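Q: the following block contains a protein sequence and its predicted model.
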Amino acid sequence: NAAFAQALKKLRKRRKLTQEDFVSVTSRGYMSQLERGMRSPTLEKVGDLAAVMSVHPASLVIGSYLEAWPYEDIESLFEQIRGDLAWGDSAQDDETNLDE
């Protein structure tokens, strides 16, 4: 929760947004709780928050992990993620991997 709180707050401030700017997707009180690490958002809520900031939801998630486990070289993190998400070249390979 603490890492997500830091990532959310940093990204919100970089985008020059206030907590009130999120009123279309959540209450100011809930935003405050998120930014203080008192609450954990659902994936749906992460998507809503990201939409307000015009960023990909993965940016919030990755930002959280960067707060918790800083990488000296962000490219090494992206390389690991690329490898983790390389599921195969064909639709059949994808279906086979999902069944395993």
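A: Cool, the structure landed.
Q: the helices in the protein, which residues?
A: 2-14, 28-35, 43-53, 57-68, 74-84, 91-99 (DSSP state H).
Q: want to throw these into CSV with mean neighbour count and mean pLDDT?
A: In this view, the C-beta of every residue, glycine as well, is placed from N, C-alpha and C. Formatted as CSV, those follow (neighbours: other Cβ atoms under 10 Å; pLDDT from 0 to 100):
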stretch, mean neighbour count, mean pLDDT
helix 2-14, 17, 96
helix 28-35, 17, 97
helix 43-53, 16, 98
helix 57-68, 16, 91
helix 74-84, 11, 87
helix 91-99, 10, 52
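Q: indicate which one of those helices is closest to Glu20.
A: Between Glu20 and the helices of the chain, the tightest spacing by Cβ to Cβ is seen for helix 28-35, at 5.9 Å.
Q: ok so, going back, in JSON lines: the helices of the chain, plus distance to Phe22.
A: Listed next are these as JSON lines, based on distance: least, Cβ to Cβ, whole Å:
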{"stretch": "helix 2-14", "distance to Phe22": "8"}
{"stretch": "helix 28-35", "distance to Phe22": "5"}
{"stretch": "helix 43-53", "distance to Phe22": "5"}
{"stretch": "helix 57-68", "distance to Phe22": "13"}
{"stretch": "helix 74-84", "distance to Phe22": "26"}
{"stretch": "helix 91-99", "distance to Phe22": "35"}
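Q: of all those, which lies closest to Asp21?
A: Smallest distance to Asp21 across those (Cβ to Cβ): 6.4 Å, for helix 43-53.
Q: look up how far Leu8 lies from the closest residue to Ala50 other than its chain neighbours.
A: Leaving aside its chain neighbours, Ala50 sits nearest to Pro57 (4.2 Å; criterion: Cβ to Cβ, 6 or more residues apart in numbering). Distance, Pro57 to Leu8, using Cβ to Cβ, to the nearest Å: 12 Å.
Q: find residues that contact each of the two.
A: Both Pro57 and Leu8 are contacted by Leu49, under the criterion Cβ atoms under 8 Å, 6 or more residues apart in numbering.
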